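Enquirer: what's the 3D shape of this:
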Amino acid sequence: MNDSSNEKINKPEFITEVVSKTGFKKKDVERILEAMLDTIIQNVNENKKVSFIGFGAFMASERKDRIGVDNTGKDIIVPARIHPKFTAGQKFKDALNGKPISKKKRIVKVEQKDLFTI
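Expert: Numbering: from 1, shown residues only. I've put the predicted structure just below:
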């Protein structure tokens, strides 16, 4: 893992990496990623847990009412709310701690095909 906590990758950079690893067209990767994210959000919003074995799980978690302090120091009630939660899977945790990732399920470059036809 890199020591720099300020490094990040944005969505276009992520898409470019997936394109280079799979050989898929950029537009196809963009559409797949959007569909995946929309599907995760929709299912978590329906109070379903979305799990990817080894990677992690997305779920909704409830925060109860609590007492907080405003800018003036006065106690206020912070209302209950639901927030998204992600729990990393074991393979993800192992990879962050220097354990090798299994080579069996590696993404390999595939023959270029049009995934979508309209």
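
Enquirer: okay but residue 59 is in contact with residue 83, surely?
Expert: No: look at residue 59 against residue 83 with Cβ atoms under 8 Å: they stay out of range, at 10.2 Å. Where you see a C-beta, it was placed from the backbone N, CA and C, and this is true even at glycine.

Enquirer: neighbour-wise, which of these two wins?
Expert: A direct count of neighbours by other Cβ atoms under 10 Å for residue 59 and residue 83 places residue 59 higher, at 15 against 8.

Enquirer: pretty sure that one sits in a helix.
Expert: No: assigned with DSSP: H, G, I helix; E, B strand; the rest coil, residue 59 falls outside any helix and is strand.

Enquirer: report pLDDT for it.
Expert: pLDDT for residue 59: 96.

Enquirer: with residue 112 instead?
Expert: What the model reports as pLDDT for residue 112 is 49.

Enquirer: show me what contacts the residue nearest to residue 94 when sequence neighbours are not counted?
Expert: The shortest distance from residue 94 to any non-neighbouring residue, by Cβ to Cβ, 6 or more residues apart in numbering, is to residue 101 (7.8 Å). Contact partners of residue 101, counting by Cβ atoms under 8 Å, 6 or more residues apart in numbering, are 91, 94-95.
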